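1. My questions are about this predicted structure, shown below with the sequence.
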Amino acid sequence: MMNIRAGEKSDLPRVLELIKELAVYENEPDAVENTVAQMEIDGFGPNPIYGFFVAENDDNHIVGIAIYYYRYSTWKGKRMYLEDIVVTASERGNGIGKLLFDRTIEKGREEGCTGMMWQVLDWNEPAINFYKKYYNARLDGDWFNCSIELN
């Protein structure tokens, strides 16, 4: 039995472990600069900027996470952005990702979002197939991701 629940501050050490596991999977093992302390400020301070769900197994061990926040589209209004969805390697293929994804969609609907957006690496065929099979997701190849560092 898998329990999907809202994340709590005490979950953050395990959440960061899963984020680092994702970075290794995405061939960026040294890219994670975030800390538990920063995640506490950003998620549980006076103005939280993200939320998350955890998937706990029968032993109350967190085996998956979905981290989200809100963005605004001038064309569509309030949107949910799924920053990361991670299921630890030993638990993949057991439906946990779908439970987390569905709960995140439900939260977006509860909050009046008009849709949900996320990114997937072009070589991550298992994830791409998952999004197409279960959600008929539209993968947009017309836009490039852009970013700059501000520090």
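-> Perfect, thanks for sending it. Residues are numbered from 1 along each chain as shown.
2. Contact partners for R14?
-> By CB atoms under 8 Å, 6 or more residues apart in numbering, the residues touching R14 are V54, I62. In this view, the C-beta of every residue, glycine as well, is placed from N, C-alpha and C.
3. which phi and psi does it have?
-> Main-chain torsions, R14, degrees, to the nearest 10: phi -70, psi -40.
4. start to end distance for stretch 46-58?
-> This stretch, stretch 46-58, spans 33 Å end to end (CA to CA, to the nearest Å).
5. shouldn't A55 be in contact with M2?
-> Yes - taking CB atoms under 8 Å as the definition, A55 is a contact partner of M2 at 5.4 Å.
6. chain center to stretch 90-107, what's the gap?
-> How far stretch 90-107 lies from its chain's middle: 10 Å, per CA atoms, centre = their mean, to the nearest Å.
7. follow-up on the earlier one: so if I had to pick from A55 and M2, which one is more boxed in?
-> A55 (26 against 15; other CB atoms under 10 Å).
8. Who does that one form a beta bridge with?
-> I4, G64 (DSSP bridges).
9. Neighbours of V86, how many?
-> The burial count for V86: 24, using other CB under 10 Å.
10. ok, it - contacts?
-> Residues near V86 by CB under 8 Å, 6+ apart: L18, I19, E21, L22, G64, I65, A66.
11. Kindly report the same for A6.
-> Counting by CB under 8 Å, 6+ apart, A6 touches G51, F52, F53, V54.
12. nearest residue to the second one other than its sequence neighbours?
-> Just to be clear, that refers to F52. Using CB to CB, 6 or more residues apart in numbering and skipping residues adjacent in sequence, the residue nearest F52 is G7, 3.9 Å away.
13. returning to that earlier point: mind checking which of the contacts of A6 are in strands?
-> Counted as lying in strands by DSSP state E, out of the contacts of A6, are G51, F52, F53, V54.
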